[in-house]
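**Student:** Provided below for reference: sequence and predicted model.
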Amino acid sequence: MNQPAVMSPPPEAPVIVGACPHDCPDTCSLLTTVQDGVAVSVRGNPDHPATAGVLCTKVSRYTERTYHPERLLTPLKRVGKKGEGRFEPVSWDEALDDIAQRLQAIAADDPQAVLPYSYAGTMGQVQRESMAARFFNRLGASQLDRTICSSAGSAGLAHTYGAPVGMHMAAFAQAKLILIWGSNAIASNLHFWRHVQAAKRDGAKVICIDPRLTETAEKCHQHIALLPGTDAALALGLMNELIANDWLDHDYIEQHTSGWNALKARALAWPVERAAKVCGISPEEITGLAYDYAHSEAPAIRLNYGMQRTRGGGNAVRAVACLPALVGAWRHASGGLLLSSAGYFPTQKKALERPDLLAKGLPGRTPRVINMTTIGADLNRDSDAAFGPKVQALIVYNSNPVAIAPDSPQVVKGFARDDLFTVVLEHFKTDTADYADYVLPATTQLEHWDIHASYGHTDVLLNRPAIAPHGEARTNTDVFRALAQRMGFDEPCFSDTDEDLCTQAFDPAVVSWSLLCAQGFAPLPLSAAPFANGGFPTPSGKCTFESPGLAAIGQDPVPDYLPNWEPPNVDARYPLAMISPPARNFLNSTFANVKSLRDIEGEALVEISSVDAQARGINDGDEVAVFNDRGRYVCVARVSKRARVGVVNGLGIWWRKLGLRGTNVNEVTSQALTDLGRAPTFYDCAVEVARVA
Ligand SMILES: Nc1nc2c(c(=O)[nH]1)N[C@H]1C(S)=C(S)[C@@H](COP(=O)(O)OP(=O)(O)OC[C@H]3O[C@@H](n4cnc5c(=O)[nH]c(N)nc54)[C@H](O)[C@@H]3O)O[C@H]1N2
Ligand SMILES: Nc1nc2c(c(=O)[nH]1)N[C@H]1C(S)=C(S)[C@@H](COP(=O)(O)OP(=O)(O)OC[C@H]3O[C@@H](n4cnc5c(=O)[nH]c(N)nc54)[C@H](O)[C@@H]3O)O[C@H]1N2
Ligand code: SF4
Ligand SMILES: [Mo]
């Protein structure tokens, strides 16, 4: 892969091929038109099949974000109190020299007092971890367990299929029955919805399983509005009905699964009536669903992450993931299940992140691991034998934890600590940046090289820079290179350029570099019906109903329903269940500061059913407080059929400072973790709602 000549941007090319960097399963191919060094428009690449020339509303306005008047253009040093957001500009050298000195002083005592905090602000293999991971490994810093989004579902899939793999996204277009399960595809997976529309035109039936009547649910033939966190009960009730009617593919079960007797015994404990009661739906909804599922030649399930954000999320994913094997749906390309395609990519994580450097950073030891979901608690902990050293320095990049992490009162308290040294690499002065000692201006996707996998489709995408860095912005990689140099890390890997890192990201025997350079994307060579003859990436090659891996760690090896930590209970002090799925025009907290998009969203709001609103004297448009013992979120009430009785929907994720009273929905969410994957339980949250006088 030694073709540096191809890597320099084509001279004076007016249209540059790139990739959308956002945390979205669609991973679109972007075409940026450049005039006189200025990006004038961004559009979807018509030649990339998964993009099909279409971008979502958010990213089609990318130039508005790139040239936003509030874009950070110089390094900033704090002059006000933490949280006030008052800074003065400083030079890069002054900022980097001081940061390196501070980190060195802390690390001299114990490098584990330094903590990186990052997630998927960009999904690029280069600007995401790579050089950053090398730096923190060489330093011997604490490791961050990156659980904030998908780790419960990923663990569920790993214990069932062996890896996050499944159907091809495009194959849904040929399906005859599609279950959209815990996904608001129109908002968060737009390019999948195209395939659903094609299938519908061809006569497919589409059923949405979601507590909220989303824009997606409205366009399906049927909507099953179960209570949050009850999906495993629904899946087990469905299995019960499949067994009772012998609607099973015994041959597929026999040949390509393991643990059927144990799963069968579990499902037999879930008569439809029991499941319906737990789910808050009618028994007929379950028997009807089972009938449809069994009588479609190749039923297809689009499972998504919305249904894993409750205590039993990992088990729920496992329970649903067992269904396609029971009816032999995998025999067909257009049957089976897709949660994530990430496991198909031949990513060379070790080459990018160099875990071997730990041997120098913290000889003879593995650094302690901090779960990003519990950052609120962990920033407020003192040193002790179990925890290790108190966190003294925090380097945040590609993430906005003060807005997106659960239980923000605790997160804010931690970030406000005067004895915490905080550096934030950002495009904007986010809620998190307001607490930084230094804010460093970062490049956007239009300004740097990167290379991308996807968790929806199965193409690798190359992102060429379309324009020069805006202002004094620097790439994440460049910042960590510069810090490494100042801290005396002289390993040659700290000199790799971003183009070098692009070539190291994937196995070159599988991903064609020349194709990537020529057209900007390269499909992985995969079979159309991946598990038609079994061959799951588990040790046995079988779909594992009964997981030896779970048994080995003392967990229930067979999927079961686990009630929420905070189950809805009309008699409780906090009787309403709150979920907080994304607003369509934001991407997590990104874009919340783009005015045209915020204008479409209107205001920070909570959807409440007319029954629950009336009982509380709440009218549409009233200012309300959503509260529990953790905190109090003030927003506008939207009395809406989108909310079912007993459940309120607090759409996310507003910047706190752009909301009504300086709070957002995470003011009330909890730091409790899921059954598998140590993940957050954002949608497992009991609250009360009241009018604000
Ligand atoms: N426009 C937009 N697109 C996005 C994002 C965004 O913020 N905005 N975020 C991106 C990211 S990071 C991710 S992880 C994905 C998230 O997108 P999805 O994986 O689709 O997950 P969510 O949007 O969290 O939830 C999807 C649906 O699940 C429903 N849901 C909530 N609780 C339950 C439950 O217990 N059971 C069931 N069956 N359904 C439930 C919610 O009401 C919601 O409609 O989308 C990505 N795409
Ligand atoms: N209540 C509630 N909370 C949630 C969720 C929910 O559904 N409900 N969803 C959760 C989920 S699924 C996720 S994935 C997390 C997402 O949480 P985060 O990963 O923190 O996502 P964002 O809020 O989009 O913040 C990403 C930040 O990275 C910055 N960024 C982008 N590109 C770059 C770059 O190249 N360099 C640098 N230095 N910065 C960059 C952006 O400007 C942005 O401020 O939130 C979680 N929080
Ligand atoms: S956010 Fe998703 S749908 Fe929008 S352009 Fe990016 S990859 Fe495509
Ligand atoms: Mo996510």
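**Tutor:** The structure has been received and is ready for your questions. Numbers count the residues shown, from 1 in each chain. Ligands and ions are numbered 1, 2, ... in the order given.

**Student:** and residue 114, what does it touch?
**Tutor:** Going by Cβ atoms under 8 Å, 6 or more residues apart in numbering, residue 114 touches 103, 106-107, 136, 139, 141-142, 392-395. No exception for glycine: its C-beta is placed from N, CA and C like everyone else's.

**Student:** one more time with 6 Å
**Tutor:** By Cβ atoms under 6 Å, 6 or more residues apart in numbering, residue 114 lies in contact with 103, 106, 141, 393.

**Student:** Okay, and which of the residues you listed map to helices?
**Tutor:** Among the contacts of residue 114, DSSP state H puts 103, 106 in helices.

**Student:** Tell me which two in the contacts of residue 114 are the farthest apart.
**Tutor:** Using Cβ to Cβ, the contacts of residue 114 span at most 9.6 Å, a distance reached by 106 and 141.

**Student:** more crowded one of these two?
**Tutor:** residue 141 (26 against 20; other Cβ atoms under 10 Å).

**Student:** Quick check on the closest residue to the more buried one other than its chain neighbours: phi, psi?
**Tutor:** Distances taken as Cβ to Cβ, 6 or more residues apart in numbering place residue 114 nearest to residue 141, at 4.2 Å, with adjacent residues excluded. Phi and psi for residue 114, reported as degrees, to the nearest 10, are phi -100, psi 130.

**Student:** same deal with residue 152?
**Tutor:** Given degrees, to the nearest 10, the pair of backbone angles that residue 152 has is phi -70, psi -50.

**Student:** is it true that it touches residue 315?
**Tutor:** No. With contacts defined as Cβ atoms under 6 Å, residue 152 does not count as touching residue 315, sitting 9.0 Å away.

**Student:** Counting neighbours, show which residues of stretch 371-384 come out buried.
**Tutor:** 371-376, 378-379, 381 (16 or more other Cβ atoms under 10 Å).

**Student:** so how far is ligand 2 from the residue nearest the centre of the chain?
**Tutor:** The chain has residue 149 as the residue nearest its centroid, 3.9 Å off, counting by Cα atoms, centre = their mean. Residue 149 is 3 Å from ligand 2, where distance means Cβ to the nearest ligand atom, to the nearest Å.

**Student:** I'd guess that residue is in a strand, am I close?
**Tutor:** No. Residue 149 is assigned coil when assessed by DSSP: H, G, I helix; E, B strand; the rest coil, not a strand.

**Student:** Can you tell me how far it is from ligand 3?
**Tutor:** 14 Å.

**Student:** Likewise for residue 495?
**Tutor:** 32 Å.

**Student:** Leaving out chain neighbours, which residue sits closest to that residue?
**Tutor:** Nearest non-adjacent residue to residue 495 (Cβ to Cβ, 6+ apart): residue 481, at 7.6 Å.

**Student:** Please identify the buried residues of the helix or strand harbouring that neighbour?
**Tutor:** Using DSSP states H and E, residue 481 maps to helix 476-486. By neighbour count on 16+ other Cβ under 10 Å, the buried set for helix 476-486 is 476-484, 486.

**Student:** could you dump those to a markdown table with pLDDT and distance to ligand 1?
**Tutor:** Below are the buried residues of helix 476-486 laid out as a markdown table (pLDDT from 0 to 100; distance: Cβ to the nearest ligand atom, whole Å):
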| residue | pLDDT | distance to ligand 1 |
| --- | --- | --- |
| 476 | 98 | 19 |
| 477 | 98 | 22 |
| 478 | 98 | 26 |
| 479 | 98 | 24 |
| 480 | 98 | 24 |
| 481 | 98 | 28 |
| 482 | 98 | 29 |
| 483 | 98 | 28 |
| 484 | 98 | 30 |
| 486 | 98 | 34 |
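
**Student:** Out of those residues, which comes closest to residue 348?
**Tutor:** Among the buried residues of helix 476-486, and counting by Cβ to Cβ, the member closest to residue 348 is residue 477, at 16.2 Å.

**Student:** Identify the residues contacting residue 396.
**Tutor:** 117, 424, 432.

**Student:** where in the stretch 1-150 of the chain is pLDDT low?
**Tutor:** The stretch 1-150 of the chain contains residues with pLDDT under 70 at 1-13.

**Student:** Point out the residues in it that sit beside ligand 1.
**Tutor:** 23-24, 149 (Cβ under 6 Å from any ligand atom).

**Student:** Mind putting these into a markdown table with distance to residue 256?
**Tutor:** Output for these, formatted as a markdown table (distance: Cβ to Cβ, whole Å):
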| residue | distance to residue 256 |
| --- | --- |
| 23 | 33 |
| 24 | 32 |
| 149 | 30 |
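
**Student:** Residues of this protein that sit close to ligand 1?
**Tutor:** For the chain, the residues in contact with ligand 1 (Cβ under 6 Å from any ligand atom) are 23-24, 149, 181-184, 187-188, 209-212, 214, 228-229, 231, 304-307, 310, 579, 581-582, 584, 586-588, 683.

**Student:** cutoff 5 Å now
**Tutor:** 23-24, 149, 182-184, 187-188, 209-210, 212, 214, 228-229, 231, 304-307, 579, 581-582, 584, 587-588, 683 (Cβ under 5 Å from any ligand atom).

**Student:** re earlier: for the residue nearest to residue 141, give the beta-bridge partners.
**Tutor:** Under DSSP bridges, the beta-bridge partners of residue 114 are residue 393.

**Student:** how close does it sit to residue 390?
**Tutor:** 11 Å (Cβ to Cβ, to the nearest Å).

**Student:** Point me to the residue of the stretch 551-693 of the chain nearest ligand 1.
**Tutor:** At 2.9 Å from ligand 1, residue 582 is the closest residue in the stretch 551-693 of the chain, using Cβ to the nearest ligand atom.

**Student:** Report the contact partners of that residue.
**Tutor:** 188, 652.

**Student:** now it: how far from ligand 3?
**Tutor:** Distance, residue 582 to ligand 3, using Cβ to the nearest ligand atom: 11 Å.

**Student:** domains in the protein, as residue ranges please.
**Tutor:** Domain assignment for the chain by automatic domain parsing gives 15-66, 76-149+356-506, 153-339+529-540, 576-691.

**Student:** of all those domains, which lies closest to residue 552?
**Tutor:** Nearest to residue 552, of those and by Cβ to Cβ, is domain 153-339+529-540 at 10.6 Å.

**Student:** Stretch 253-268: end-to-end distance?
**Tutor:** End-to-end span of stretch 253-268 (Cα to Cα, to the nearest Å): 17 Å.
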